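Student: sequence and predicted structure, then a few things I'm wondering about:
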Amino acid sequence: MPSPLNFTPIPVVVPDTPLWLELCAWTVQAGFPSPAADHTRKRIDLNEHLIRNKEATFIFRVKGDSMNGIGIYEGDELLVDRSIEAVHGNIVLAVLNNDYTVKRLYRRGGVIKLIAENPLYPPIVVKDGQELLIWGVVTRNLHKLY
């Protein structure tokens, strides 16, 4: 099976300077906007908001459609944190026999599987003799809307 991510991980430099954006203090519904929106100002730093551990976080661009069922599409950029210990159910960047792939981790009763979120792709059952490395846990999906 070809790897959905066929490249060697390269770290992305996250600048030390904050990237400030304005943030409204209320949630947004798909309805009529609040007239108070013009009077509220709060700023957030995207580095602090999106990244838990700067030294261990990397960005990967997705290739393929195996994770479409949970909203991860080709061209999306995933934030992957290597400092988080992967547990059953996490979306992970895995290296199976030197091929990188993004899948949901299944780990129960001594069985390890990498599960796609697209019914066109069967689960990958990790067998004895195969080399599996969980490279990191996906923490965010940056999906461009336009």
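Tutor: Right, received. Where do you want to start? Numbers count the residues shown, from 1 in each chain.
Student: state the mean pLDDT of the strand or helix carrying G136.
Tutor: Under the assignment given by DSSP states H and E, the secondary-structure element containing G136 is strand 132-142. In this model, strand 132-142 has an average pLDDT of 94.
Student: got it, and stretch 72-91?
Tutor: Regarding stretch 72-91, the rounded mean pLDDT is 94.
Student: what residues of that stretch count as buried?
Tutor: Residues of stretch 72-91 classed as buried by neighbour count (16 or more other Cβ atoms under 10 Å): 72, 76, 78-81, 84, 86, 90-91. Backbone N, C-alpha and C define where each C-beta goes, glycine included.
Student: just the pLDDT at the nearest residue to R104 once chain neighbours are set aside, thanks.
Tutor: The shortest distance from R104 to any non-neighbouring residue, by Cβ to Cβ, 6 or more residues apart in numbering, is to I115 (4.4 Å). What the model reports as pLDDT for I115 is 98.
Student: same thing with N53?
Tutor: Taken from the predicted model, the pLDDT recorded for N53 is 82.
Student: now A36
Tutor: A36 carries a pLDDT score of 58 in this model.
Student: count the neighbours of K63 for me.
Tutor: Summarising burial for K63: neighbours were counted as other Cβ atoms under 10 Å, giving 17.
Student: T139 now?
Tutor: In terms of burial, T139 registers 17 neighbours under the definition other Cβ under 10 Å.
Student: coming back round to it: name the nearest of the buried residues of stretch 72-91 relative to G136.
Tutor: When the buried residues of stretch 72-91 are compared for distance to G136 (Cβ to Cβ), V80 wins out at 4.0 Å.
Student: picking up where we left off before, report the separation between the residue nearest to R104 and L78.
Tutor: When distances are taken as Cβ to Cβ, to the nearest Å, I115 and L78 turn out to be 16 Å apart.
Student: with M67 instead?
Tutor: Look at M67 and L78: by Cβ to Cβ, they are 9 Å apart.
Student: what's the overlap in contacts for the two?
Tutor: Residues touching both M67 and L78 by Cβ atoms under 8 Å, 6 or more residues apart in numbering: V102.
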